[in-house]
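Asks: Let's see this in three dimensions:
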Amino acid sequence: MPNVPITMTSSNCSACKYSCRCTIDPIFMSMNCSSYLLNITYDGCSTDWYEINFSSRNLEYLNHDTFKQLRTKRLLLKSNLISLIDDTTFTSMSVILEYLDLQLNQLQQLTNWIPTLKTQLKELNIASNQLETLTHLETLTKLEVLNVSRNQIHVFPKELHYLISLITLDLSYNKLSSIPRYALNGLTNLTYLSFASNRNLSCIIQDSFKYLKSLKYLDLSSTNLKDLDACSFNQLVKLQILKIELVPLNCTSCWLRIAYENNIQTLGQCIDVTQTFNLSNSLSTLSRWCQTTAVNCSTDYCEPGTFGINTKLIKTDSNGQIY
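Replies: Residues are numbered from 1 along each chain as shown. The predicted structure follows:
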């Protein structure tokens, strides 16, 4: 039986009457309880809200009783002290929750509360926490935006390739050192990708980006890359903007020539002999650059390992049957 929103006014909901700032509108119903540090009661508040804001309330622990029977499409929990979330915390709202903001908290790991959000969640912001790994993400197949920036992630999250609806992925300001082969397999809808300020990142090989057929924006600024695999740009067929600011790459690298020939707007610098050259200028003024007209893609200049995804050969007989 479909859920029917309850008709209410500001006087129905005790939180709106005594504690929070509420907008009661048939389309945009919001409850702003941010910065309110006392306990809040939710009598008469059981309806489908558009947005509920519990930011900056010094919350440390979330469980099922935190939200009672509150239901909302957008839940803001940023700038708290949250370090632990019970598995059933979001049960009451999971069927309609589309946006969850947990940035600026103290989460050290993702636990079984993540799979409860699989029904509708489209955007998850867990930036500026203390995460070292990402787990339990494989069920979030409707997720379109994932912000994991400013954490402590040092091993590339294998679960990311399950997020088949992902459009935006921000992994900036972490501790990644490499991107394994086939690491982003399955993310064919991804258009924005940032690895900026992963200062240990020194190795990206061609097949790391092999399946990113929709990628338009790639940010590799402030990393420790010494070179880029030129073959990567043959695979990024829709790439429009490459940002590599504060990365000391050599202007003679063949990746630069391919990027130029593919009309990729490159933002950053390269080192030309003893001078630093701004890549937003015309490359025709470079005194040296790659003279190779065909790049050998059979080998990699670095090898960070592989996830082993889609590497198994499928063999068929004369009738087309797999064996």
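Asks: Endpoints of stretch 20-38, how far apart?
Replies: 11 Å (C-alpha to C-alpha, to the nearest Å).
Asks: any idea how far it is from the chain center?
Replies: Centroid separation between stretch 20-38 and its chain, computed with C-alpha atoms, centre = their mean, to the nearest Å, is 28 Å.
Asks: One more: stretch 35-54?
Replies: The answer for stretch 35-54 is 28 Å, by C-alpha atoms, centre = their mean.
Asks: Quick check: buried residues in it?
Replies: 36, 40, 42, 44-54 (16 or more other C-beta atoms under 10 Å). Every C-beta, even on glycine, is put in place using the N, C-alpha and C of the backbone.
Asks: where's the closest residue to Cys45 other than its chain neighbours relative to Thr89, distance?
Replies: The shortest distance from Cys45 to any non-neighbouring residue, by C-beta to C-beta, 6 or more residues apart in numbering, is to Cys13 (4.0 Å). For Cys13, the distance to Thr89 (C-beta to C-beta, to the nearest Å) stands at 21 Å.
Asks: Same question for Glu245.
Replies: Distance from Glu245 to Thr89, by C-beta to C-beta: 40 Å.
Asks: who has more neighbours, these two?
Replies: Thr89 (19 against 13; other C-beta atoms under 10 Å).
Asks: residues contacting the more buried one?
Replies: Residues in contact with Thr89 (C-beta atoms under 8 Å, 6 or more residues apart in numbering) are 62-64, 66-67, 113, 116.
Asks: Neighbour-wise, give me the winner out of those.
Replies: Top of the contacts of Thr89 by neighbour count (other C-beta under 10 Å): Leu62, with 22 neighbours.
Asks: Pairing partners for that one in the sheet, please.
Replies: Beta-bridge pairing for Leu62 (DSSP bridges): Ile85.
Asks: May I ask you to confirm that it is in contact with Asp87?
Replies: No. Counting by C-beta atoms under 8 Å, Asp87 is not a contact partner of Leu62; they are 10.5 Å apart.
Asks: Tell me, what's the model's pLDDT at the residue nearest to Cys45?
Replies: Looking at Cys13, its pLDDT is 88.
Asks: now do Ile271
Replies: pLDDT, Ile271: 81.
Asks: tell me the SS of it?
Replies: Assigned by DSSP: H, G, I helix; E, B strand; the rest coil, the conformation of Ile271 is strand.
Asks: same check, this time on Trp113
Replies: Assigned by three-state DSSP, the conformation of Trp113 is coil.
Asks: Now do the same contact list for the residue lying closest to it once chain neighbours are set aside.
Replies: Of all residues not flanking Trp113 in the chain, Ile85 sits nearest, at 4.8 Å (C-beta to C-beta, 6+ apart). Neighbour list for Ile85: 61-63, 107, 111, 113 [criterion: C-beta under 8 Å, 6+ apart].
Asks: again, but for Lys118
Replies: With C-beta under 8 Å, 6+ apart, Lys118 has these contacts: 94, 139-142.
Asks: what two of those residues are the furthest from one another?
Replies: Ser94 and Thr141 (14.4 Å; C-beta to C-beta).
Asks: neighbour-wise, which of those two wins?
Replies: Ser94 (18 against 13).
Asks: Which other helices and strands does the strand ranked longest in the chain contact?
Replies: Determined from DSSP state E, the single longest strand within the chain is strand 241-250. Under the contact criterion of 3 or more C-beta pairs under 8 Å, 6 or more residues apart in numbering; DSSP states H and E, strand 241-250 touches strand 217-219, helix 254-261, strand 265-272.
Asks: and if we set it to 7 Å?
Replies: strand 217-219, strand 265-272 (3 or more C-beta pairs under 7 Å, 6 or more residues apart in numbering; DSSP states H and E).
Asks: quick one: Arg71 and Ser55, what's the gap?
Replies: Taking C-beta to C-beta, one finds Arg71 at 19 Å from Ser55.
Asks: swap that for Pro180, sorry
Replies: With C-beta to C-beta as the criterion, Pro180 and Ser55 are 36 Å apart.
Asks: Compare these two (neighbour count), which wins?
Replies: Pro180 (21 against 17).
Asks: Assess the claim that the more buried one and Phe156 are in contact.
Replies: Yes. Assessed by C-beta atoms under 7 Å, Pro180 is found in contact with Phe156 at 5.7 Å.
Asks: What residues sit buried inside stretch 248-255?
Replies: Here stretch 248-255 shows 249-255 as buried, counting by 16+ other C-beta under 10 Å.
Asks: now the residues you listed in a markdown table, with distance to Phe233?
Replies: Listed next are the buried residues of stretch 248-255 as a markdown table, based on distance: C-beta to C-beta, whole Å:
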| residue | distance to Phe233 |
| --- | --- |
| Leu249 | 13 |
| Asn250 | 16 |
| Cys251 | 16 |
| Thr252 | 16 |
| Ser253 | 11 |
| Cys254 | 10 |
| Trp255 | 6 |
